[in-house]
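S.K.: sequence and predicted structure are below.
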Amino acid sequence: MRRGHMAKIAYEAPDGVAEEAVDADNITDSGKVQGLRIKLEDESYIHLPYTRVYWVRMSKDEGKVSYSSV
């Protein structure tokens with residue numbers, strides 16, 4: 001599997017702060033919650049409300065996300 005640009009996400013989890021490193025192309029707006037939908041390497045998804053996201057770190061070129069609908 002070819003990996004694209006990577007992003008790191010820190011969020012509030014049941015056991016405290018969790019971090020995930022994922023392909024930046026696997027981060028989209030979630031239709032289930034007002035937040036992010038993240039596809040993990042094992043093909044599962046997590047849905048994070050914006051209120052639980054601490055930060056998403058990626059380079060300027062990687063961070064081409066449109067928040068116009070928010």
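M.R.: Good, I have the coordinates. Numbering: from 1, shown residues only.
S.K.: what are the ranges of the strands in this structure?
M.R.: 6-13, 16-23, 27-29, 35-39, 45-49, 53-57 (DSSP state E).
S.K.: columns mean pLDDT and mean neighbour count on top of these, output as TSV?
M.R.: In this view, the C-beta of every residue, glycine as well, is placed from N, C-alpha and C. Formatted as TSV, the strands of the chain follow (pLDDT from 0 to 100; neighbours: other Cβ atoms under 10 Å):
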stretch	mean pLDDT	mean neighbour count
strand 6-13	92	17
strand 16-23	92	14
strand 27-29	91	16
strand 35-39	93	18
strand 45-49	92	16
strand 53-57	90	14
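S.K.: report pLDDT for Leu40.
M.R.: Predicted confidence (pLDDT) for Leu40: 88.
S.K.: ditto for Lys32
M.R.: For Lys32, the model assigns a pLDDT of 80.
S.K.: who is the closest residue to it other than its chain neighbours paired with across the strands?
M.R.: Nearest residue to Lys32 in three dimensions, chain neighbours excluded: His47, at 4.9 Å (Cβ to Cβ, 6 or more residues apart in numbering). Following DSSP bridges, His47 is listed with bridge partners Arg37.
S.K.: thinking His47 is in contact with Gln34, fair?
M.R.: No. Applying Cβ atoms under 8 Å, one finds His47 not in contact with Gln34, separated by 10.0 Å.
S.K.: what about Asp42, neighbour count?
M.R.: Using other Cβ atoms under 10 Å, Asp42 has 6 neighbouring residues.
S.K.: measure it to Ile9 for me?
M.R.: Asp42 is 16 Å from Ile9, where distance means Cβ to Cβ, to the nearest Å.
S.K.: same question, Arg52
M.R.: 10 Å.
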